[in-house]
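In: the following block contains a protein sequence and its predicted model.
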Amino acid sequence: MAKNPKLIAVTSGKGGTGKSSICYGIGYTLAKQGNRTLIIELDFGLRCLDLMFGMTGRVQYDLGDVLQGKVEIQKAASTVPSASNLEILCAPKDAFMKVTAEEVVDICRKIRKYYDYIIIDTGAGISSHVFDIVTQANMILIVTTPDPICIRDATMMSDEFYKRGNKGQRLIVNKLSKKDLQTGMIGNLDEIIDAVGIQLLGVIPEDFALKEATGKGLPLSPSAPSLAAFDAISKRLMGDQVPLTIK
């Protein structure tokens, strides 16, 4: 059993930032580094983790079954074939099913002793529901892309977290390409960090290998640039002094 499990909420101010891909990559690399890891998917109606991990048709239970009392939490969690230390608890298929922040917190409380890391893949967007759910998290990872609209939404979300006393925030910049810098979409990473106002945890490069892996349900290729970035982020989460990886 884990002694000091970490509860990490991954969120974004806008859809399309690749939040679930971030959960996929961080969960996979944390597990490969020997950590018992669980990803809980809360994006109701937009369920995708089973597809990303190549488990289509192999997930017998989901979070909806747990909320309805049909099955215990640990039985509902499914082990990822490519990483024996990684389990996923998929979102309900019913997009209109309701879940309260208290229910999510209760689920995490009941199972956190069995895991080193629990990653909550929240729904995207700025809403009181998201803010209430991540209140108990040890760390909040806010995901943005270099797009100015995404950066503004991430800033608004971070500001609201600070107002609510959530200081354990870190920034992940996703889908960064050389073209973003060359065309002047952004001047440099410092502009994004300064705008959002929280410490940078990692940068995930624009990577076709990641898109292909999550689309086909395959493990990331060892040569994929994003895998090195996810590996560095996971080690930083574990407290290792690892340099920022930007490819």
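Out: Thanks, I have the structure now. What you see is a predicted model; the values in this text were computed from it and never measured.
In: so for the lengthiest helix in the chain, mean pLDDT?
Out: Longest helix of the chain, by residue count under DSSP state H: helix 148-163. Average pLDDT, helix 148-163: 90.
In: equivalent analysis for stretch 62-78, please.
Out: 91.
In: stretch 220-238 too?
Out: Here the average pLDDT along stretch 220-238 is 94.
In: residues in contact with it?
Out: Here stretch 220-238 makes contact (CB atoms under 8 Å, 6 or more residues apart in numbering) with 6, 8, 25-26, 28-30, 33, 35, 117, 139, 172, 201-205, 207, 209-210, 213, 242-247. (Glycine included, C-beta is placed from N, CA and C.)
In: and that stretch, C-alpha only, in PDB?
Out: C-alpha atoms of stretch 220-238 as PDB (Å, rounded to 0.1, in the frame of the first residue of the first chain):
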ATOM      1  CA  LEU A 220       4.300   5.500 -27.200                       C
ATOM      2  CA  SER A 221       7.300   4.700 -29.300                       C
ATOM      3  CA  PRO A 222      10.600   4.900 -27.400                       C
ATOM      4  CA  SER A 223      11.800   7.400 -30.000                       C
ATOM      5  CA  ALA A 224       8.800   9.700 -29.700                       C
ATOM      6  CA  PRO A 225       9.900  13.200 -28.600                       C
ATOM      7  CA  SER A 226       6.800  13.500 -26.300                       C
ATOM      8  CA  LEU A 227       7.800  10.300 -24.400                       C
ATOM      9  CA  ALA A 228      11.000  12.000 -23.200                       C
ATOM     10  CA  ALA A 229       9.000  15.000 -22.100                       C
ATOM     11  CA  PHE A 230       6.500  12.900 -20.200                       C
ATOM     12  CA  ASP A 231       9.300  11.000 -18.600                       C
ATOM     13  CA  ALA A 232      10.900  14.200 -17.400                       C
ATOM     14  CA  ILE A 233       7.600  15.600 -16.100                       C
ATOM     15  CA  SER A 234       6.900  12.400 -14.100                       C
ATOM     16  CA  LYS A 235      10.400  12.400 -12.600                       C
ATOM     17  CA  ARG A 236       9.800  16.000 -11.500                       C
ATOM     18  CA  LEU A 237       6.500  15.000  -9.900                       C
ATOM     19  CA  MET A 238       8.400  12.400  -8.000                       C
END
